[in-house]
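# Test case, fold it:
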Amino acid sequence: MVSADELCALQEENLQIRSQIADAKANLHHIDGNPQSTANHNEQLSQLSEEAAQRDAEYARSRERLSAKIEAMRGKCKAEKEMGSKLRESISEAETQVSDIERMNEEQSGRLQDLRDDLTRAQGSAVPFDFCAFLGDVGGETGAPPTVSVPAPQSALVLPEAVTSLCAPGGFLAKKRQEVILSSTRAGSRCLVLAPTHLYNPKSNNSEGGWQVTERVSQPPENTELFYRENTTHWSYLGTFQFVAQEERSLQDFGRMAKEAMQVIRDNTTLFPEMIPPILKGLIRNMYDCGLLKVTYTAWRRVGFNEGLADALRATFQPPRLIGESTVIPVPKPGSWLNHRVPTKRDREEDLGVGSHKKSKGA
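The predicted model follows:
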């Protein structure tokens, strides 16, 4: 059921519609009664249509341009979003790498600090090796050590396999007189063996020459037999020696003790010396004089004398003594020397030239 208020509102709307109808009829009557007014209205309608068409065309063009700009901005925004996504991924990876590097740096810093602490403790507790005191202190060593002279005119010491098998576990070490500094008392009981720390090889780097570092002792070697070249024709067996220490020093640190060793060390610094020009030899000498090149010295202490090896050396290299027509042959101690042929009388005569002398006399 319609209320009074709604009925009043409907009546007012009806009156307004009737008023609008009356106005429309009046305008229509005016247009029908005035032809000039009709023409004017048609002309205005035509102009309005043209203006509306122009505005529609401009609106269409503006819309196309705006659509193109929107599309371009949309593509640009999409590309920037993709770039931003990649950038965020790169930043995330970089942050992860930085975090890993910082963690590794902290670990390495901790290890470095531990090494520094260890080095500080080692430097505080380490006592430099006094080679002068080592060579002079032979307390408790009584009597001069025995030696065995081995004839060997060649520059290198060559021992038969049967003799080398009797050596200590470390084998044997043969050094020239100039390479060894012996203890001042109880000669041969203690010694320093000198060697260059660097070697120059003229054939390395495609014959352009280059330096190489000599090998250092990484752990104490086993006992070894020491041979010492006393002159140009003989080697001396000094006994069984034990490793004590190894360090690097300049030649000047040894003073007069290494006076004879200086030239030999310089010569041993170069491989294939015939290929070394004099100017390079002088340069190497200056490098030793200023301390740029150093020497490695190895300290050895005599701990015994290998009697079995000494007997084998005497039987192999020393000729027997002749007493009239009889010959005294040194006999090794039981079990001291095995697997070696005892020289016959003919061998000894040939070594001494006896056989050739008799033959020439009989002729």
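
# Distance-wise, check the most centrally placed residue in the chain relative to Met262.
The centroid of the chain falls nearest to Val213 when counting by Cα atoms, centre = their mean (13.2 Å). Separation of Val213 from Met262 (Cβ to Cβ, to the nearest Å): 21 Å. All C-beta spots, glycine's among them, are computed from the backbone N, C-alpha and C.

# Equivalent analysis for Arg301, please.
25 Å.

# just Leu182 next, same as before
Relative to Met262, and taking Cβ to Cβ, Leu182 is found at 17 Å.

# One more: Ile181?
Ile181 is 12 Å from Met262, where distance means Cβ to Cβ.

# quick one, which of the two is more surrounded?
Counted by other Cβ atoms under 10 Å, Ile181 and Met262 do not tie: Ile181 has more neighbours, with 21 against 18.

# which residue packs closest to that one, ignoring adjacent ones?
Leu192 (4.4 Å; Cβ to Cβ, 6 or more residues apart in numbering).

# hang on, the one you found packs against Val295?
No - counting by Cβ atoms under 8 Å, Val295 is not a contact partner of Leu192; they are 9.8 Å apart.

# Check what pLDDT Asn306 gets.
Looking at Asn306, its pLDDT stands at 92.

# Any idea how many residues pack against it?
Neighbours around Asn306, by other Cβ under 10 Å: 20.

# Once you drop chain neighbours, what's closest to it?
Nearest to Asn306 is Thr240, by Cβ to Cβ, 6+ apart, at 5.4 Å.

# ranges for the strands of the stretch 101-250 of the chain?
Remark: strands assigned in the stretch 101-250 of the chain by DSSP state E, counting those that start in this stretch are 148-151, 172-176, 180-182, 190-196, 198-201, 210-213, 224-229, 234-249.

# Could you dump the ones you listed into a markdown table and include distance to Cys77 and mean pLDDT?
Conversion of those to a markdown table gives the following (distance: least, Cβ to Cβ, whole Å; pLDDT from 0 to 100):
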| stretch | distance to Cys77 | mean pLDDT |
| --- | --- | --- |
| strand 148-151 | 96 | 83 |
| strand 172-176 | 83 | 89 |
| strand 180-182 | 86 | 84 |
| strand 190-196 | 74 | 88 |
| strand 198-201 | 68 | 90 |
| strand 210-213 | 63 | 87 |
| strand 224-229 | 83 | 90 |
| strand 234-249 | 70 | 89 |
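
# For Phe131, which of those strands is the nearest?
Comparison of the strands of the stretch 101-250 of the chain against Phe131 by Cβ to Cβ identifies strand 190-196 as nearest, at 5.9 Å.

# tilt between the closest one and strand 224-229?
80 degrees (axes from the mean of the first three to the mean of the last three Cα atoms, to 10 degrees).

# tell me what strand 190-196 is packed against?
On a contact count with 3 or more Cβ pairs under 8 Å, 6 or more residues apart in numbering; DSSP states H and E, strand 190-196 meets helix 131-136, strand 180-182, helix 261-268, strand 295-304.

# Can you give me the domain assignment for the chain?
Using automatic domain parsing, the domain parsing of the chain gives 75-126, 143-318.

# ranking these by burial, who's on top?
domain 143-318 (a mean of 16; mean count of other Cβ atoms under 10 Å).

# Run the chain-centre distance for that one.
Distance, stretch centre to chain centre, for domain 143-318: 29 Å (Cα atoms, centre = their mean, to the nearest Å).

# Mind checking what secondary structure Cys293 has?
Quick fix: residue 293 is Leu, not Cys. Here Leu293 is recorded as coil under DSSP: H, G, I helix; E, B strand; the rest coil.

# Surely it and Leu199 touch.
No - the pair Leu293 / Leu199 is not scored as a contact, 10.5 Å apart, by Cβ under 8 Å.

# shared neighbours of those two, anything?
Thr269 (Cβ atoms under 8 Å, 6 or more residues apart in numbering).

# who does the host helix or strand of Gly75 touch, helix- and strand-wise?
Per DSSP states H and E, Gly75 falls inside helix 35-125. Counting contacts by 3+ Cβ pairs under 8 Å, 6+ apart, helix 35-125 is packed against helix 4-33.

# what's the distance between Asp267 and Leu199?
11 Å.

# same question, Val150
The value you get for Val150 to Leu199, if Cβ to Cβ is used, is 28 Å.

# just Glu102 next, same as before
Going from Glu102 to Leu199 by Cβ to Cβ gives 44 Å.
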